[in-house]
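Asker: Fold the following and give me the result.
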Amino acid sequence: MRSLAFIALIGLIAIPTLAAQSKPLLTSHPGAWQPAPPITPRLPQDLSVGERAAITASVNQLLEIVRRMPAMAPPAGLAVVPHAFVDLLNLDHSEGKRVKYVTAEIVVNLAPFEPVGRGGAVEAVEADRAAGLTLRVNDLAVLLGSETGMADDQGAFIQRPEDPVDTIHGYPVYEEGNGERWVMIRRNEVPFFAPVTAERYMRATIAAHEKELADVRDRRARVPAGVPASVVATIDEAIASFGRRLKNDQDALAAMSPADRAAPVRPGAFSGEEAPVFAPADDTGATAVVYFNPALMSPGLPRTAPQLLSVNISASDDTWPGLKAKLDSEVDWSALEKFVHQQ
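Answerer: Next up, the predicted model:
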């Protein structure tokens, strides 16, 4: 006869099928958090004592919001397994000289208890998790992937970023290539992307081409004696070509009017030694180059202050039908909104 705990579980989710049937829930095993909050995440070495306390408090604040979800009680046979990861990153995760923020990723897995090995040992097996809830603080990782390879001290250049695929609970939803969807909550209701101006694009291009020319000149200076003349001629030809390309870039920037320099850049087709050319605003085939909008982050706040929050809920509808929708309905979205506005 089924236990009362299992009967209660039916009210939480539909009876699992397929994989879950091959590994039935151990409803005699009490549900539990492993470990129970508060937890102490592993922290970067270069955080101050105050920053360590602030981000640890933020992590546990989010875990408390999760703990209020009825599904995270949890019922018998399931464990809630939390993880927290903290880092110090700029918005585009690059090595550029940009402001870094304390980021956090909180992963909460709803995992079934299963027998492991011999002797009756039982563990929560996250590989067979029923669902997962992931929250990222001050991290725009879901919007990365369309970088052009160019950057300057203000940020990496991005072209054709993904548009939101939906709006849920009043927030935009972005989708990763693997199909995972993320609800994005912002402290500052500004666009995620801001345009790169033509002048800024040209200066970044010139800087990149100056570096390439310096590198090839350095290689030329280190060519040992006895290298065939044809090889040396090829290097010299490359130096001359790179030099002409750089001069064309510089001439193109010098010829720009103030209005041209301030216009959002929409690169057109160009190649070889040509300077970049830009499409007019009415060219529907050209795409603007953008970067992460610095106005997303309020500069007067400490770098630990939560200002961005991404939320992902994952569950297999085949194995745990209806669970993903139930978790979504149980999330306290208003509390998450307050979380990013608390400072």
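Asker: Do I have it right that residue 317 meets residue 324?
Answerer: Yes. Under the criterion of CB atoms under 8 Å, residue 317 makes contact with residue 324 at 6.4 Å. Bear in mind the C-beta positions are built from the backbone N, C-alpha and C, glycine included.
Asker: who has more neighbours, the two?
Answerer: When residue 317 and residue 324 are compared for neighbours, residue 324 comes out ahead with 18 against 11, by other CB atoms under 10 Å.
Asker: tell me the contacts of the more buried one?
Answerer: Each residue near residue 324 by CB atoms under 8 Å, 6 or more residues apart in numbering is listed here: 131, 313-315, 317.
Asker: Same check on residue 188?
Answerer: With CB under 8 Å, 6+ apart, residue 188 has these contacts: 295-298, 307.
Asker: Out of those, the closest to residue 184 would be?
Answerer: Taking CB to CB as the measure, residue 184 lies nearest residue 296 of these, at 10.3 Å.
Asker: Next one, pLDDT for the residue lying closest to residue 69 once chain neighbours are set aside please.
Answerer: Computed as CB to CB, 6 or more residues apart in numbering, the closest residue to residue 69 that is not its neighbour in sequence is residue 330, at 4.1 Å. At residue 330, the model reports a pLDDT of 96.
Asker: Show the backbone phi and psi for the closest residue to residue 291 other than its chain neighbours.
Answerer: In this structure, residue 291 finds its nearest non-sequential neighbour in residue 155, 3.8 Å apart by CB to CB, 6+ apart. When quoted as degrees, to the nearest 10, the phi and psi of residue 155 stand at phi 160, psi 170.
Asker: Relative to residue 35, how far out is residue 155?
Answerer: 38 Å (CB to CB, to the nearest Å).
Asker: Could you tell me which strand of the protein is the longest one?
Answerer: strand 101-115 (DSSP state E).
Asker: So what are the sheet partners of that one and their directions?
Answerer: Next to strand 101-115 in the sheet, as set by DSSP bridges, lie strand 78-89 (antiparallel), strand 122-124 (antiparallel), strand 131-137 (antiparallel).
Asker: Out of those strands, which is the most enclosed?
Answerer: strand 131-137 (a mean of 22; mean count of other CB atoms under 10 Å).
Asker: hmm, back to that, neighbour count: residue 155 and residue 35, which is higher?
Answerer: Comparing residue 155 with residue 35 by other CB under 10 Å, the one with more neighbours is residue 155, at 23 against 11.
Asker: quick one: the more buried one from residue 200, how far?
Answerer: Distance from residue 155 to residue 200, by CB to CB: 10 Å.
Asker: ok, the residue nearest to residue 291 - contacts?
Answerer: Here residue 155 is in contact with 90-92, 94, 96, 98, 291-292, 294 (CB under 8 Å, 6+ apart).
Asker: Of these, which one scores lowest on pLDDT?
Answerer: Ranking the contacts of residue 155 by pLDDT, residue 96 lands last with 76.
Asker: Quick check: residue 211 is in a helix.
Answerer: Yes. Assessed with DSSP: H, G, I helix; E, B strand; the rest coil, residue 211 lies in a helix.
Asker: Neighbours of it, how many?
Answerer: Residues near residue 211, counting by other CB under 10 Å, number 10.
Asker: What separation do you get for it and residue 205?
Answerer: Residue 211 sits 11 Å away from residue 205 when distances are taken as CB to CB.
Asker: Tell me the pLDDT of the residue lying closest to residue 161 once chain neighbours are set aside.
Answerer: In this structure, residue 161 finds its nearest non-sequential neighbour in residue 146, 4.8 Å apart by CB to CB, 6+ apart. Looking at residue 146, its pLDDT is 90.
Asker: contact partners of stretch 280-289?
Answerer: By CB under 8 Å, 6+ apart, stretch 280-289 touches 148, 157-160, 195-196, 201, 263-268, 278-279.
Asker: Quick check on those residues: which are buried?
Answerer: 148, 157-159, 195-196, 201, 263, 265-267, 278-279 (16 or more other CB atoms under 10 Å).
Asker: In the chain, mark out all the strands, start to finish.
Answerer: Using DSSP E, strands in the chain cover 32-33, 78-89, 101-115, 122-124, 131-137, 147-152, 155-159, 166-168, 171-175, 181-186, 193-195, 289-292, 308-315.
Asker: roughly how far out does the second one sit from the chain middle?
Answerer: It refers to strand 78-89. 15 Å (CA atoms, centre = their mean, to the nearest Å).
Asker: and what of the first one?
Answerer: Averaging C-alpha positions (CA atoms, centre = their mean) puts strand 32-33 28 Å from its chain's average.
Asker: same check, this time on the fourth one
Answerer: For strand 122-124, the distance between its averaged C-alpha position and the chain's averaged C-alpha position is 31 Å (CA atoms, centre = their mean).
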